[in-house]
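coordinates for the following, if possible.
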Amino acid sequence: MGDHTLVWLPGLGGSPADLERAAGLLPSGIRVTSEVPGEGPVMVVGHSFGAVAALRFAGDLPARVEAAVLTGGFYPPARDGRSVSVTVRDYARHRALYARELAGRGRGPRPTMKSARRLALLARLGLHPGTFHTLADRVRCPLLVVHGALDHVVPVAFAHAAAARHPTWSYHECPEGGHFMHRDAADLWADVVGTWLAPIVSVHPR
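This next block holds a predicted model:
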């Protein structure tokens, strides 16, 4: 069996190094790269903003993409069956926890022109959920959503609502997971993603 290529698409400020440990824990036969090869089938994993890139890539080139994984991905704001007051209160708490997390790490926003353009795209998708879902509807390959219940960048309710809107997607929620599960809980992340990818790899041996 030859290698299956898994393309890592990081979020804003992310790097290929973020997935190094988890990559080594995935099933044998999966080769991880951050460069999209010029030809041949691939699997894609998108984190945060990279999830949008993964959806676009899979939708544009359906014949090339065997599977897609969205981890800590961006999704449009959603009530997910909750009342308006509960949704607003929960999102305010979510933003406060995110600000506290940044302060605890001594980090603040460092905007660049490139990141500003990407954030503007996310804002448009957030304000126009139909555009996001149209993009997602174009994906024909198996797709897994992995999201942490403690993600303070993208509320887990947003991920759950998006997965409910696309019933062919697989959904895995990790109760103790945060936004960077692939880096901070590499063993758990690799087990979830590797278990899901294993049948796909075995069905399409190379």
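
tell me, how many residues neighbour Leu125?
By the criterion of other CB atoms under 10 Å, Leu125 has 18 neighbours. (Glycine included, C-beta is placed from N, CA and C.)

and whichever strand or helix holds Ala163, what's buried?
If you go by DSSP states H and E, Ala163 is part of helix 156-165. Within helix 156-165, the residues scored as buried using 16 or more other CB atoms under 10 Å are Val156, Ala157, Phe158, Ala159, His160, Ala161, Ala162, Ala163, Arg165.

which of the residues you listed sit farthest apart?
Val156 and Arg165 (14.9 Å; CB to CB).

hmm, back to that, now render the buried residues of helix 156-165 as JSON lines, adding distance to Trp189 and pLDDT.
Below are these laid out as JSON lines (distance: CB to CB, whole Å; pLDDT from 0 to 100):
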{"residue": "Val156", "distance to Trp189": "15", "pLDDT": "94"}
{"residue": "Ala157", "distance to Trp189": "21", "pLDDT": "92"}
{"residue": "Phe158", "distance to Trp189": "19", "pLDDT": "94"}
{"residue": "Ala159", "distance to Trp189": "15", "pLDDT": "96"}
{"residue": "His160", "distance to Trp189": "18", "pLDDT": "96"}
{"residue": "Ala161", "distance to Trp189": "22", "pLDDT": "95"}
{"residue": "Ala162", "distance to Trp189": "19", "pLDDT": "96"}
{"residue": "Ala163", "distance to Trp189": "17", "pLDDT": "97"}
{"residue": "Arg165", "distance to Trp189": "24", "pLDDT": "96"}
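
so Val52 sits in a strand?
No - applying DSSP: H, G, I helix; E, B strand; the rest coil, one finds Val52 to be helix, outside a strand.

sorry, back to before: closest one to Tyr171 out of the buried residues of helix 156-165, please.
Ala163 (4.0 Å).
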